[in-house]
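Student: below: sequence and its predicted model.
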Amino acid sequence: MQASTAGPLVAVSSLREFFRDAFHTASEHQHLGIDEQAEQYVVNLLTMFSRADALYERTPDGLRIRPLAHMLADALEAPSASARQRGLQRLGDVSLFVAGFFARSFARKLIDIDYHIAMGGNAYSSLADTLQRTLSSPRARGLLRELGVQPVAAAGARREH
């Protein structure tokens, strides 16, 4: 991985507050209208994935992020509806995190950022559709729909600049 040129290290008392401020600044810069629930979800996700054991999976080759296509296959072949939902949510979460946090590293990769955005957006949208059929919370469905649409909007905004 390449060294960051973002500047000096910054000491923070709360990682959650740091991510909340950074996310708010980035969403304003991209002119994205993101509601408070979606912002809170993403901030929680960033905070959770700041721990390597939450993002990476143990493999014989060490800690790795599981390929998105394998996550999708596992979700689609899950033995129960709840396992399928957890798999789709994990796919969406990992895709969203990797596309946002490691965006600069995609210039050297065969799989680009648009793949991650599409996989994550489709996972969240599919999960929202599933929840629609199970009469789950309208707030949860709305959040997932927003997470499914916003990454695509962000990619479009990125291409325009």
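Tutor: The structure has been received and is ready for your questions. Residues are numbered from 1 along each chain as shown.

Student: from now on I want contacts and neighbour counts done on CA atoms only, so please keep to that.
Tutor: OK.

Student: what residues sit buried inside the strand or helix carrying D93?
Tutor: Per DSSP states H and E: D93 is located in helix 81-101. By neighbour count with 16 or more other C-alpha atoms under 10 Å, helix 81-101 contains the buried residues 84-85, 87-100.

Student: what is it packed up against?
Tutor: helix 36-49, helix 68-76, helix 113-133 (3 or more C-alpha pairs under 8 Å, 6 or more residues apart in numbering; DSSP states H and E).

Student: try it again with 7 Å
Tutor: Packing partners of helix 81-101 (3 or more C-alpha pairs under 7 Å, 6 or more residues apart in numbering; DSSP states H and E): helix 68-76, helix 113-133.

Student: looking at these, which is closest to G33?
Tutor: Proximity to G33 (C-alpha to C-alpha) singles out helix 113-133 among those, at 16.6 Å.

Student: what's the mean pLDDT across the closest one?
Tutor: Mean pLDDT, helix 113-133: 85.

Student: C-alpha coordinates for it, PDB please?
Tutor: Written as PDB, here are the backbone C-alpha positions of helix 113-133 (Å, rounded to 0.1, in the frame of the first residue of the first chain):
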ATOM      1  CA  ILE A 113     -14.100   1.700  -7.900                       C
ATOM      2  CA  ASP A 114     -17.200   1.500 -10.100                       C
ATOM      3  CA  TYR A 115     -17.300  -2.300  -9.500                       C
ATOM      4  CA  HIS A 116     -17.300  -1.700  -5.700                       C
ATOM      5  CA  ILE A 117     -19.900   1.000  -5.900                       C
ATOM      6  CA  ALA A 118     -22.200  -1.100  -8.100                       C
ATOM      7  CA  MET A 119     -21.800  -4.200  -6.000                       C
ATOM      8  CA  GLY A 120     -22.500  -2.300  -2.800                       C
ATOM      9  CA  GLY A 121     -25.400  -0.300  -4.200                       C
ATOM     10  CA  ASN A 122     -27.000  -3.400  -5.600                       C
ATOM     11  CA  ALA A 123     -26.600  -5.300  -2.400                       C
ATOM     12  CA  TYR A 124     -28.200  -2.500  -0.300                       C
ATOM     13  CA  SER A 125     -31.100  -2.200  -2.900                       C
ATOM     14  CA  SER A 126     -31.700  -5.900  -2.900                       C
ATOM     15  CA  LEU A 127     -31.700  -5.900   0.800                       C
ATOM     16  CA  ALA A 128     -34.200  -3.100   0.900                       C
ATOM     17  CA  ASP A 129     -36.400  -5.000  -1.600                       C
ATOM     18  CA  THR A 130     -36.200  -8.100   0.600                       C
ATOM     19  CA  LEU A 131     -37.200  -6.000   3.700                       C
ATOM     20  CA  GLN A 132     -40.200  -4.600   1.700                       C
ATOM     21  CA  ARG A 133     -41.500  -8.100   1.300                       C
END
